[in-house]
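Visitor: Provided below are the primary sequence and the corresponding predicted coordinates.
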2 protein chains.
Amino acid sequence: MTRETPPCVLGVDPGLLRTGYAVVELRAGRLADAGIIRSSPRASMGVRLRELEEGLEEVFAEHRLELLVIEDLFAHYKHPRTAILMGHARGVVLLAAARRKLDIRSVSATRIKKTLTGNGHASKLQVQKAVMAAFGLPRMPDPPDVADALAAAFYAVSTSRARSLRGSRPPAAASGLER
Amino acid sequence: MTRETPPCVLGVDPGLLRTGYAVVELRAGRLADAGIIRSSPRASMGVRLRELEEGLEEVFAEHRLELLVIEDLFAHYKHPRTAILMGHARGVVLLAAARRKLDIRSVSATRIKKTLTGNGHASKLQVQKAVMAAFGLPRMPDPPDVADALAAAFYAVSTSRARSLRGSRPPAAASGLER
């Protein structure tokens, strides 16, 4: 990584079992890296979170990351217990990003989908197809965790382009800093 | 901290705003340290989790910790969103403990309360009074987050004593490793 390495956004879809990530150049919109960080299902929770942290550290070390985009929490969850476990992983992601002094933007899933597909309630399949088209991928990203991470990164790139077209002001209420 | 520093258990009651902790000597049952790690309510989530991590690192540096005891997740939560935020903090606690290679024991609140008070459904006030008596405190621990951390640490000390009285076998199903 040199000084000439272009600054990138990291999109993340956190999960205890699988965390999807996508690294996209902020200016060119070029996809630099994407994948899944997996944890060992039979390991203890502490070890699994440590695996996630180590995987993230590898991604941080390989790219010049300036911004993390992550889905905001929903108002309601069908499976609260699963959501709390996701919260453990999300906490580790936010912690690792804060430690690296990345800007963190938490954006609603609806807004991300709307920016990508024009429909805030697009299905998983629609999101997969849309990111395939947006990044010129040869096949659909699978598992969907990668597609959601790509969608989050796409959101950052497209809103940062909108910003530079319109001047320096960020689009009003387009996203909030994670609280 | 020297080689002669007695090994301790760390009891933790995680929360995004306040995380209670208690350090107790595993053999003597003596209370070595207790308090609250607070995060700045108006800071971003990443910064708040970083504050929690830094507070934990200070506690780790000051004591010879071998074991973390933390309340297990409940089956149901009245406030799922608050629980997910607690999950963020709990993830950071488990991560920090795993990084330090502590043993981690996740124990149900019912079991902790039962060991401490004889009643698995004891009120917050009963728990506060019981830890005050158990550790010979001059006044009630406040906020209750400290009392819950003290109760978790007490659980570890009393079960480890029960173990040494009965031989090397841990009490059956007394606690499970955090999964």
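Guide: Here it is on my side, so go on. Residues are numbered from 1 along each chain as shown, chains lettered A, B, ... in the order given.
Visitor: and A:L17, its phi and psi?
Guide: phi -80, psi -50 (degrees, to the nearest 10).
Visitor: same question, A:G35
Guide: For A:G35, the backbone dihedrals (degrees, to the nearest 10) come out as phi 170, psi -160.
Visitor: where do the strands of chain A begin and end?
Guide: When assigned using DSSP state E, the strands of chain A occupy the ranges A:8-13, A:18-25, A:31-38, A:65-71, A:103-107, A:176-177.
Visitor: worst mean pLDDT among the ones you listed?
Guide: Of all these, the minimum mean pLDDT falls on strand A:176-177 (a mean of 40).
Visitor: returning to what we had before: and the strands of chain A, which is most packed in?
Guide: Highest mean neighbour count among those (mean count of other C-beta atoms under 10 Å in any protein chain shown): strand A:8-13, with a mean of 28. To be clear about C-beta, it is placed using only N, CA and C from the backbone, and glycine gets the same treatment.
Visitor: how about A:G29: what's its closest non-neighbour residue?
Guide: Once flanking residues are discounted, A:G29 sits nearest to A:V157: 4.7 Å by C-beta to C-beta, 6 or more residues apart in numbering or on different chains.
Visitor: ditto for A:K124
Guide: Per C-beta to C-beta, 6+ apart, closest to A:K124 is A:P144, 5.0 Å.
Visitor: returning to what we had before: export the strands of chain A to TSV and tack on distance to chain B?
Guide: Listed next are the strands of chain A as TSV, based on distance: least, C-beta to the nearest C-beta, whole Å:
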stretch	distance to chain B
strand A:8-13	12
strand A:18-25	12
strand A:31-38	14
strand A:65-71	8
strand A:103-107	5
strand A:176-177	5
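Visitor: would you turn the ones you listed into a markdown table with distance to B:A149?
Guide: A markdown table is the format used below for those (distance: least, C-beta to C-beta, whole Å):
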| stretch | distance to B:A149 |
| --- | --- |
| strand A:8-13 | 31 |
| strand A:18-25 | 29 |
| strand A:31-38 | 31 |
| strand A:65-71 | 29 |
| strand A:103-107 | 29 |
| strand A:176-177 | 30 |
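Visitor: ok, which stretches of chain A are helices?
Guide: Taking DSSP state H, the helices of chain A run over residues A:45-62, A:80-99, A:109-117, A:124-134, A:144-166.
Visitor: so which of the ones you listed is the most surrounded?
Guide: Each of the helices of chain A was scored by mean neighbour count; the highest is helix A:80-99, a mean of 24, by mean count of other C-beta under 10 Å.
Visitor: wait, the residue nearest to A:K124 touches A:S123, no?
Guide: No - A:P144 is not in contact with A:S123 according to C-beta atoms under 8 Å; the separation is 10.2 Å.
Visitor: now for these two: what residues contact both?
Guide: Applying C-beta atoms under 8 Å, 6 or more residues apart in numbering or on different chains, one finds that no residue jointly contacts A:P144 and A:S123.
Visitor: could you check how far A:T5 is from A:R27?
Guide: 12 Å (C-beta to C-beta, to the nearest Å).
Visitor: one step back: quick one: the residue nearest to A:G29 and A:L26 touch, right?
Guide: Yes - contact criterion C-beta under 8 Å: A:V157 and A:L26 qualify, at 6.2 Å.
Visitor: find residues that contact each of the two.
Guide: Listed as contacting both A:V157 and A:L26 by C-beta under 8 Å, 6+ apart are A:V9.
Visitor: quick one: low-confidence ranges for chain A?
Guide: Where chain A drops to pLDDT under 70, the residues are A:1-3, A:162-179.
Visitor: what parts of it come near chain B?
Guide: Contact residues (C-beta under 8 Å from any C-beta of the partner chain) of chain A with chain B: A:44-47, A:49-50, A:53, A:73, A:75-77, A:80-81, A:83-92, A:94-95, A:97-99, A:102, A:104, A:106, A:177-179.
Visitor: recalculate using a threshold of 6 Å.
Guide: Residues of chain A lying close to chain B (C-beta under 6 Å from any C-beta of the partner chain) are A:44-47, A:49-50, A:73, A:77, A:80, A:83-84, A:87-88, A:91-92, A:94-95, A:97-98, A:104, A:177-178.
Visitor: spatially nearest residue to A:M132, not counting backbone neighbours?
Guide: A:M140 is the one closest to A:M132 (C-beta to C-beta, 6+ apart), at 5.4 Å.
Visitor: how close does that neighbour get to chain B?
Guide: 29 Å (C-beta to the nearest C-beta, to the nearest Å).
Visitor: count of residues packed around that residue?
Guide: Using other C-beta atoms under 10 Å in any protein chain shown, A:M140 has 13 other residues around it.
Visitor: turn the helices of chain A into CSV, columns for distance to B:T115.
Guide: Shown next, in CSV, are the helices of chain A (distance: least, C-beta to C-beta, whole Å):
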stretch, distance to B:T115
helix A:45-62, 22
helix A:80-99, 24
helix A:109-117, 42
helix A:124-134, 45
helix A:144-166, 40
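Visitor: closest to B:V69 out of the ones you listed?
Guide: When these are compared by C-beta to C-beta, helix A:45-62 sits nearest B:V69, at 12.6 Å.
Visitor: and the closest one with strand B:65-71, angle?
Guide: Angle between the axes of helix A:45-62 and strand B:65-71 is 110 degrees (criterion: axes from the mean of the first three to the mean of the last three C-alpha atoms, to 10 degrees).
Visitor: just how off-centre is helix A:45-62 within its chain?
Guide: Here the centre of helix A:45-62 is set off from its chain's centre by 15 Å, with C-alpha atoms, centre = their mean, to the nearest Å.
Visitor: list of residues touching that helix?
Guide: With contact meaning C-beta atoms under 6 Å, 6 or more residues apart in numbering or on different chains, helix A:45-62 is reached by A:19, A:21, A:37, A:39, A:89, A:92, A:96, A:100, B:91, B:94-95, B:97-98, B:104, B:178.
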